[in-house]
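Q: this is a predicted model, with the sequence first.
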Amino acid sequence: MQVNACMMLVMGRDIRDVDQVFKALADGTRRLFLDRLREQDGQTLGELCARLGMARQSATQHLDVLVRAGLVTVVRRGRERRHFLNPAAISEIGERWISAFDRPRLDALSAIRQRAEEHAMTAPVPTYVYVTYIRASSEQVWQALTEADLTARYWGHANVSDWQPGSRWEHRRTDGSDAADAAGRVLEADPPRRLVITFGPPDGDEPPGGHSVVTFLVEEHGGIVRLTVTHENLADATALREISHGWPAVLANLKSLLETGEVLPEAPWEMAPVGRSS
């Protein structure tokens, strides 16, 4: 019995606790929460929701999993609940699964990686925000964002999904091949006001910094909709330059379709950027 009791302990943590850590880390959204707390520790629920473009209910569910796993600690300050990253749980797993193998070489690799990450942390992750005003109702704009046939008309690709939180969406070609050039997951859908999706390669492989996140915010004011598109967690400045040309082109075509019934005579993304010959 004594041997069995010892085997149930892993660096001070019950094996069941370790299972919770692995389960928490298996979800890309929860890893994104940890990344955001690593960048700025001690955030409130509201601050985390604003940075991730996520509903409070969904964020609370993910945070509860992280808290139960011991990866996040909640500290009350007055009426506020602030969330702090607790790396001890991950460190304990590393000690349990790595220390017995090749510690000196892994320590050297870890030191190199840490220096690289510290350097990367000094450079802000690019974020892109675009606002346009459309003479339409919020329901019409929502339909244009989520109906495959409409997205095919103004985007040149059909965005296909059931648009339920957790569902996959695909950016499919309209040449008959049905091949997807991009894909992601629906993080939040609150029709006709707010849609949040991840945006990445169709194979679903997650890049080192996590998938980028796109938020569509639809606000109606007396027959005019203000559509705000926020694209966060971009890989680098090159990605920022690319989508800085792509999003205005796509949204200009969407605006034309809703206001006139027709897309623009030339696909905006095929037009040369200002200052560059065609």
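A: Right, received. Where do you want to start?

Q: just give me the residue closest to the centre of the protein.
A: residue 213 (3.4 Å; CA atoms, centre = their mean).

Q: packing partners of whichever strand or helix holds that residue?
A: Here residue 213 sits within strand 212-221, counting by DSSP states H and E. Contact here means 3 or more CB pairs under 8 Å, 6 or more residues apart in numbering; DSSP states H and E; on that basis strand 212-221 packs against helix 138-146, strand 194-199, strand 224-232. (C-beta placed from N, C-alpha, C; glycine too.)

Q: buried residues, the second one. List them.
A: In terms of neighbour count (16 or more other CB atoms under 10 Å), strand 194-199 has its buried residues at 194, 195, 196, 197, 198, 199.

Q: picking that back up, run a quick neighbour tally on the nearest residue to the residue nearest to the centre of the chain once chain neighbours are set aside.
A: Closest residue to residue 213 apart from its sequence neighbours, by CB to CB, 6 or more residues apart in numbering: residue 232 at 4.8 Å. Using other CB atoms under 10 Å, residue 232 has 20 neighbouring residues.

Q: quick one, what contacts residue 232?
A: 51, 52, 53, 125, 127, 128, 212, 213, 214, 215 (CB atoms under 8 Å, 6 or more residues apart in numbering).

Q: hey, where'd the helices end up in the stretch 101-250 of the chain?
A: For the stretch 101-250 of the chain, applying DSSP state H, counting those that start in this stretch gives helices covering 138-146, 148-155, 237-260.

Q: between the buried residues of strand 194-199, which is nearest residue 171?
A: Set against residue 171, the nearest of the buried residues of strand 194-199 by CB to CB is residue 199 (8.4 Å).

Q: does the closest one touch residue 213 like I think?
A: Yes: counting by CB atoms under 8 Å, residue 213 is a contact partner of residue 199 at 7.1 Å.

Q: mind listing the shared neighbours of these two?
A: Joint contacts of residue 199 and residue 213 (CB under 8 Å, 6+ apart) are residue 231.
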